[in-house]
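> Quick check, what structure comes out for this input:
(chains A and B, ligands or ions: 2)
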Amino acid sequence: MIVFAISDKGGTGRSVTGGNIVYRSALAGHDSCFVDFDFGSPTAGTIFDVHALGRGTESGRGTQSLLLGSSEASESLELWTASDSLGGRPPGAGRLVLFPGDKGGSEFSIDTNTVRRCARFLGRLLEEYELSVVDLSAGRSYAVRLVLEATADWGGSAQTRWLVFHRWTRQHVVAAHGLIHEARGILQTAEGCGHDRNETLDSLRTVRTAVMDPATADLSGLSGTQISWLRERHHDLQILAGELGLGRTRTLGIVPLDPILHWHEQILTEKALYESRIASVGTVQAFQELASALVDRAGWEKL
Amino acid sequence: MSLQVREQTLDIWRSLIDFSYRDGSWSWEDRQGSNSISDAEQLLCILYPATNIPVLRIDDPDETAPDVLWALHGLGNDLDALRVFTDVLLEYMERHRLPDGAPDFSAGSYLGSCEIDRTAITPEQLRLEVVDSYSMSITLCLSVLGYVQKLGTKTTSRRTAEKLGRLKDLTSRRLTGAMEGMLSSFSVHVFDIGSEPGDNLCAMVNQTNDSNDRVVGERLARSLKEIRSSLRSEIALTRGRSSVVEALENDRKLLECGWSWGPVQSSSLERDGNGSSVSCFAEDLPYLYFTGVALDGIEDLFSPRTQVLGLLDDHQQRMSSALQLRWRLCMNYWQRVATFGTGRWPIEDLPWRATDGVESDHFTLLVTSMMVQKLHVEKAGTSQAVRLGKVLQELAGRGLITRRPVAGDSAIGLHEPGTRVVLRGGAALGPELTWTITSFSTTLLKRTIQTASLVREAQDRDPLVTLGNEIWSHLLGRRLEERGGRGLWDDPRGVFDLKGRKWEAPSWYHTQRACECLVSAAASYTASSPVSAQLIRLANEFLAEAEHIFEQERLFGSWGGASGTTAPGTVAPVQAISATLDRARDLRNTRPGTAVTLLQGVLKELEVLARPRSRSLTEDAL
Ligand SMILES: Nc1ncnc2c1ncn2[C@@H]1O[C@H](COP(=O)(O)OP(=O)(O)OP(=O)(O)O)[C@@H](O)[C@H]1O
Ligand SMILES: [Mg+2]
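Residues are numbered from 1 along each chain as shown, chains lettered A, B, ... in the order given. Ligands and ions are numbered 1, 2, ... in the order given. Below is the predicted model:
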């Protein structure tokens, strides 16, 4: 399964959530990898705490070099050992691999060769990993077009999925709807590349990030009127999302607003959960559910 | 009334799912087994509140509240619960079909017999269709159709979409069948004034005693003229009823109309246009109980929700009009009879005597119930509601809900074993059949809630609110306490000293009716609260005074003139007072009590400003 992670706006939590999904998936025993296709700003190194990879690799063998043909194979890191905080592969866990982006990379235009190289690379991922999360740049980028063209002749949507990340605000909801449905959005681009529109839609789900749910959040600091107002807004947003086709049935998961992630882009490891106990159970649970819903047909097609 | 609708409803859902859903499969059993009626009642325990209480809706995942979804979590986590529930609905529709695919409305395990041994009932009898089933099915099908319609726009799963499509087809077919059955079960009984039923009816409506029963009977016959002619032209359209039509032409005859227990002998009922016909055995006599049941189901057909969602197809729409007409005629008839004359209403003379001479408080309740329903649908009749409220109060006393039983009190029989009626005509296929009515308390509560919401003045409403609370605690006392069915209904041993073992398994018949009470209560809260005219006057006086003083203080420059807005010290800013006054002005007609409270706060603030000045004024005067 290859999952393309995308968002209309930057800073939605796409990379952090994607990284954590891959981590949870590997923990559950699936060989998993994270592919940094966010060519403008590769951040995966920071998230997985690979010291040498602060702002992308300097090896000249990052994902961009691969696609442009300047490198035959892409660099890949076994994160269980390369990461400074994961601390070795736990028994029973699957592989956890990172394909980093190039430092100082940027958006680039695509031609048939790039598409061919991309298709070959993705094909290899499919063979080697049960779950690959490909982190695309925010907005309507070349990268979206590239992967859609590369997978155009794969037939059906059984092997690829799209996750559209958005924050839980009016603007983000509207923007996510635009990215999916409007001109030059995912559906239109997919159709242009020869994909079936409905199949693409079937393979697409949204993820709400950093959600403060008034029903569960601790609101003890707020006044009664403020809480009541928050509830109303939450309810309005839910209805708006539903109307824009981003309702609960299109939503694969909801990640709560997390104090740790708010301050620090990182993986919420088992250690953070059980030893230092800084991680919140609710957030970890959300990542876990996302990871399993991605590989499980019933979880994907709830209702 | 404090029924705590949300919590109680969700509790019932949890208990019901606990009882019915085990290891991934749904069990339809209740204490009497399973049949097309009780299965529908079981589903309606969830679906009826979900359909009729907007905040408890489950057909739109985006608007379903977390606690509502949580109440269903026994079915599955989160949205899985709705997927499973959809499967259960589909299972119902598939399960209650005849071999040829037509919907099956048989009453099965709900039928009783005069014989000691229930097993004497023949298989042919178990297949008889009963109005209860039509009525429950109409309510269920309309709820399911709305559910399918809404969920269909939200689902992103093709599998679910296909299932919803199939569910819609089966449900619509069942609805058609139920409406056809309802039409064939409508009954008009015409009789002479001097006959036995005539004597019984005349004695019942003659409450003044200044003329004899016959004269009053003739008066009643004359006053039924319009109803008679409408019935005649309507019945003339139905095959096989020519003798009734003829009888209706005689203006000196009396009549009663309503629903028999099933399709009546003279009618013919074909289903689905595929030629399969349903056997019609019921004698052409209206029953109070089945009339009430039919009126309840038919009400859902012309509810605003059914109209707005456009749930009926053309054929159903036509049948709905015909049923609606019968509904109105029947309501008018019973209102005429129950309130006939100038003195005490016949209905106020307890107990009601039916035309066959049988008397029962239960019959009084059923007639009162129709009248309340009529007023409730028409949203009118405060003074009538007050009088009906008194009847309900008396019934609660006589029915031992608000009074203690004396030793060996026969009124306990209203609840346990219930009121038994003979299904006349059913014996053609075996032993004499009976039907047991045990919904005394739930019917009483539902109608009390509705009556209370029709009464405007607090002093008249208050006794009804108290009564409602009393019946509800009586009902809570009848919930099961034993394992399996805990939190569900019904066990009269909880409130009456009765012999025998406590029930462990629930009854969907009772649980569904308790849910109906909760729905009625929810509807009465969401309607704007009744306000007293006196309190509105008071709020207006408060407002006038507060606004006057406020303007005065502004004029004096108490907040520092045009530019300054905040007075020194602890006085509220001018905008705050102004905003509170605006709010009070908005609320004074709908929530005058709240308006007064806000205005009291404002007056207190203003007094802080005014006090020093008033002293100086007094000093000047000295
Ligand atoms: N659940 C969460 N709760 C609170 N903060 C979060 C959460 N998820 C992510 N964040 C924070 O939001 C910020 C943006 O996250 P991230 O870098 O993953 O977003 P992105 O969509 O990948 O952004 P970009 O478009 O720049 O790549 C980070 O500071 C991150 O730690
Ligand atoms: Mg990122």
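> Please count neighbours and contacts with C-alpha atoms only from this point.
OK.
> So for the helix ranked longest in chain A, what gets flagged as buried?
Criterion DSSP state H: the longest helix present in chain A is helix A:224-243. Residues A:227, A:230, A:234-235, A:237-242 are the ones in helix A:224-243 that count as buried (16 or more other C-alpha atoms under 10 Å in any protein chain shown).
> Contacts for that helix next, please.
With C-alpha atoms under 8 Å, 6 or more residues apart in numbering or on different chains as the test, helix A:224-243 has contacts from A:168-170, A:173, A:213-215, A:219, A:247-248, B:62-63, B:154.
> From those residues, pick the one nearest B:Gly399.
Distances from B:Gly399 to the contacts of helix A:224-243, taken as C-alpha to C-alpha, are shortest for B:Glu63 (41.6 Å).
> who are the neighbours in contact with the spatially closest residue to B:Leu301 that is not a sequence neighbour?
What sits nearest to B:Leu301 in space, not counting adjacent residues and going by C-alpha to C-alpha, 6 or more residues apart in numbering or on different chains, is B:Ser320, at 6.6 Å. Applying C-alpha under 8 Å, 6+ apart, we find B:Ser320 in contact with B:179, B:298, B:301-302.
> In helices, which of those appear?
Counting by DSSP H, these contribute B:179, B:298, B:301 to helices.
> So what are the sheet partners of the very next helix or strand once past the longest helix of chain A and their directions?
Next helix or strand after helix A:224-243 toward the C-terminus (DSSP states H and E): strand A:251-256. Paired neighbours of strand A:251-256 in the sheet (DSSP bridges): strand A:204-211 (parallel).
> Pretty sure A:Ala190 sits against A:Asp196.
Yes - counting by C-alpha atoms under 8 Å, A:Ala190 does reach A:Asp196; the two are 7.4 Å apart.
> So between these two, which is more surrounded?
More neighbours surround A:Ala190 than the other of A:Ala190 and A:Asp196, with 23 against 18 (other C-alpha atoms under 10 Å in any protein chain shown).
> So that one belongs to a strand, correct?
No - checked against DSSP: H, G, I helix; E, B strand; the rest coil, A:Ala190 lies outside a strand; its state is helix.
> what about the closest residue to it other than its chain neighbours, which SS state?
Leaving aside its sequence neighbours, A:Ala190 sits nearest to A:Leu148 (C-alpha to C-alpha, 6+ apart; 6.0 Å). Secondary structure, three-state DSSP: A:Leu148 is helix.
> wait, what's in contact with A:Leu148?
Neighbour list for A:Leu148: A:189-190, A:193, A:195 [criterion: C-alpha under 8 Å, 6+ apart].
> can you put these in JSON lines and add pLDDT?
Formatted as JSON lines, these follow (pLDDT from 0 to 100):
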{"residue": "A:Thr189", "pLDDT": "96"}
{"residue": "A:Ala190", "pLDDT": "96"}
{"residue": "A:Cys193", "pLDDT": "94"}
{"residue": "A:His195", "pLDDT": "95"}
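> Adding distance to A:Thr43, write the residues you listed out as CSV.
What follows is the contacts of A:Leu148, written out as CSV (distance: C-alpha to C-alpha, whole Å):
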residue, distance to A:Thr43
A:Thr189, 26
A:Ala190, 27
A:Cys193, 29
A:His195, 30
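> Chain B: strands as residue ranges?
Here chain B has its strands, by DSSP state E, at B:21-22, B:25-26, B:112-113, B:186-191, B:254-259, B:269-271, B:276-278, B:352-353, B:359-360, B:419-422, B:433-437.
> tell me the most buried of those?
Highest mean neighbour count of the strands of chain B: strand B:254-259, a mean of 26 (counted as mean count of other C-alpha atoms under 10 Å in any protein chain shown).
> so what does that strand touch, helix or strand wise?
Other helices and strands packing on strand B:254-259, by 3 or more C-alpha pairs under 8 Å, 6 or more residues apart in numbering or on different chains; DSSP states H and E, are strand B:186-191, helix B:213-223, helix B:288-301, helix B:314-338.
> Show the pLDDT at B:Gly564.
With respect to pLDDT, B:Gly564 scores 49.
> For ligand 1, what's the nearest residue on the stretch 151-300 of chain B?
Per C-alpha to the nearest ligand atom, B:Thr156 is where the stretch 151-300 of chain B lies closest to ligand 1, at 24.9 Å.
> My read is that that residue contacts A:Asp202, right?
Yes - contact status for B:Thr156 versus A:Asp202: in contact at 7.1 Å, counting by C-alpha under 8 Å.
> The two: which is more packed in?
B:Thr156 (25 against 19).
> that older thread, average pLDDT for the longest helix of chain A?
Average pLDDT, helix A:224-243: 93.
> Let me know the angle separating it from strand A:251-256.
Helix A:224-243 and strand A:251-256 are oriented at 160 degrees to each other (axes from the mean of the first three to the mean of the last three C-alpha atoms, to 10 degrees).
> Put the alpha carbons of the helix or strand that contains A:Thr81 into PDB.
Per DSSP H and E: A:Thr81 is located in helix A:79-82. Taking Å, rounded to 0.1, in the frame of the first residue of the first chain, the C-alpha atoms of helix A:79-82 are listed here in PDB:
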ATOM      1  CA  LEU A  79      15.500   4.300  11.200                       C
ATOM      2  CA  TRP A  80      15.400   1.900  14.100                       C
ATOM      3  CA  THR A  81      19.200   2.400  14.300                       C
ATOM      4  CA  ALA A  82      19.700   5.700  12.400                       C
END
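> For the strands of chain B, give me a markdown table that also has mean pLDDT.
Listed next are these as a markdown table, based on pLDDT from 0 to 100:
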| stretch | mean pLDDT |
| --- | --- |
| strand B:21-22 | 94 |
| strand B:25-26 | 96 |
| strand B:112-113 | 84 |
| strand B:186-191 | 93 |
| strand B:254-259 | 95 |
| strand B:269-271 | 76 |
| strand B:276-278 | 74 |
| strand B:352-353 | 94 |
| strand B:359-360 | 94 |
| strand B:419-422 | 92 |
| strand B:433-437 | 93 |
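> To B:Leu535, which of the ones you listed lies closest?
Of those, nearest to B:Leu535 by C-alpha to C-alpha is strand B:352-353, at 40.1 Å.
> Would you pull up how far the closest one lies from the middle of the chain?
23 Å (C-alpha atoms, centre = their mean, to the nearest Å).
> neighbouring strands for that strand, and are they parallel or not?
strand B:359-360 (antiparallel).
> Show me the contact partners of the partner strand.
So strand B:359-360 is contacted by B:351-353 (C-alpha under 8 Å, 6+ apart).
> tell me, how many neighbours does A:Arg161 end up with?
Applying other C-alpha under 10 Å, we find 20 residues neighbouring A:Arg161.
> Wait, it touches A:Phe4, no?
Yes - using C-alpha under 8 Å, A:Arg161 is in contact with A:Phe4, at 6.2 Å.
> in the helix holding A:Thr81, what's buried?
Neighbour counts using 16+ other C-alpha under 10 Å place A:79-80, A:82 of helix A:79-82 among the buried residues.
> Within reach of ligand 1, which of those residues are there?
With C-alpha under 6 Å from any ligand atom as the criterion, those include none near ligand 1.
> From these, pick the one nearest A:Gly92.
Distance to A:Gly92 across these (C-alpha to C-alpha) is lowest for A:Trp80, with 12.6 Å.
> what's stretch A:65-85 in contact with?
A:48-51, A:59-63, A:86-89, A:95-100, A:102, A:114-115, A:117-118.
> again, 7 Å this time
The contact list for stretch A:65-85, computed with C-alpha atoms under 7 Å, 6 or more residues apart in numbering or on different chains, reads A:48-50, A:61-63, A:86-89, A:96-100, A:114, A:117-118.
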